[in-house]
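K.L.:
this one's structure only:
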């Protein structure tokens, strides 16, 4: 029985096929197109601009009030009217008369 020499050495062409384009070029930055580059700001963000951006998270807005269809008093939408106790055309809460 004849013994083999193990794995055959790969030809230079085969070695070249296995290498990635990055390894062939040598310089990693030549591989990437300019559109693949990461976005980097040109100027430093000023404290004023930074704080304006962060202030939007803590902003409190006034609630949207709409008139009650029964008594025309302003009330929050989808809730019982505090003045007359009506909700969707029916009296759901008994309101004390003053």
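P.N.:
Received it, and whenever you're ready, just let me know what you need. Source: prediction; values computed, not measured. Numbers count the residues shown, from 1 in each chain.
K.L.:
Now do the same for residue 50: helix, strand or coil?
P.N.:
Classification of residue 50 by DSSP: H, G, I helix; E, B strand; the rest coil places it in helix.
K.L.:
Could you measure from residue 78 over to residue 44?
P.N.:
From residue 78 across to residue 44, the span is 46 Å (CB to CB, to the nearest Å). For the C-beta atoms, the positions are set from N, CA and C on the backbone; glycine is no exception.
K.L.:
For residue 84, grab the count of nearby residues.
P.N.:
17 (other CB atoms under 10 Å).
K.L.:
How about the one 5 residues further on?
P.N.:
By the measure other CB under 10 Å, the count of residues near residue 89 is 7.
K.L.:
tell me the contacts of it?
P.N.:
Counting by CB atoms under 8 Å, 6 or more residues apart in numbering, residue 89 touches 69, 70.
K.L.:
gap between it and residue 76?
P.N.:
17 Å.
K.L.:
now swap in residue 53 and tell me
P.N.:
Noted for residue 53: a distance of 30 Å to residue 76, by CB to CB.
K.L.:
Residue 63 too?
P.N.:
Here the criterion is CB to CB. By it, residue 63 lies 6 Å from residue 76.
K.L.:
Tell me which of the two has more neighbours.
P.N.:
Higher neighbour count among residue 63 and residue 76: residue 76, with 12 against 9, using other CB under 10 Å.
K.L.:
Need the pLDDT of that one.
P.N.:
If you check residue 76, the pLDDT there is 94.
K.L.:
Noted, bye for now.
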